[in-house]
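Peer 1: quick one, what's the 3D model for this:
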Amino acid sequence: MAVTEKDVFDIARLARLAIDPAEARLYASRLSRVLDLAGQLASVDTDELAPMAHPLDDAVQRLRDDAVTESDQRDSFQTQAPAVERGLYLVPRVVE
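Peer 2: Numbering: from 1, shown residues only. Okay, the predicted model is just below:
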């Protein structure tokens, strides 16, 4: 698909961009190449391919054991807090 300089200015106006008229031809050429590439991708026959949710869909991810690795240190952390009540940190009210 060929993009003209007028198309570039129309797109720039819609996007509220200032385009230098001297560069409009360059932008038109680059946009045309992008749209040509999209056209090539759209023309590829994918009827025999199964859709995938992810390119590594059939890969197996190793998972670690679900085990506790740290001890409960809440009490020692809360001794440093400015205000604590019944195991909860108290913070200033921000919404009234």
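Peer 1: run through who's touching the lengthiest helix in the chain.
Peer 2: Longest helix in the chain, counting residues (DSSP state H): helix 24-42. For helix 24-42, the surrounding residues in contact (Cβ atoms under 8 Å, 6 or more residues apart in numbering) are 1-5, 7-9, 11, 19. (Each C-beta comes from the backbone N, C-alpha and C, glycine too.)
Peer 1: filter the residues you listed to the buried ones?
Peer 2: 3, 5, 7-9 (16 or more other Cβ atoms under 10 Å).
Peer 1: for those, which one is nearest Asp75?
Peer 2: Val8 (65.2 Å; Cβ to Cβ).
Peer 1: is it correct that the closest one falls within a strand?
Peer 2: No. Val8: not assigned to a strand; according to DSSP: H, G, I helix; E, B strand; the rest coil it is helix.
Peer 1: so it makes contact with Pro21?
Peer 2: No. Applying Cβ atoms under 8 Å as the test, Val8 and Pro21 come out as separate, 9.6 Å apart.
Peer 1: low-confidence ranges in the chain?
Peer 2: Applying pLDDT under 70 to the chain flags the ranges 57.
Peer 1: helices of that one, start to end?
Peer 2: Using DSSP H, helices in the chain cover 5-14, 24-42, 74-78.
Peer 1: dump those to a markdown table, plus distance to Arg64.
Peer 2: Supplementary listing: those in a markdown table, determined by distance: least, Cβ to Cβ, whole Å:
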| stretch | distance to Arg64 |
| --- | --- |
| helix 5-14 | 49 |
| helix 24-42 | 39 |
| helix 74-78 | 24 |
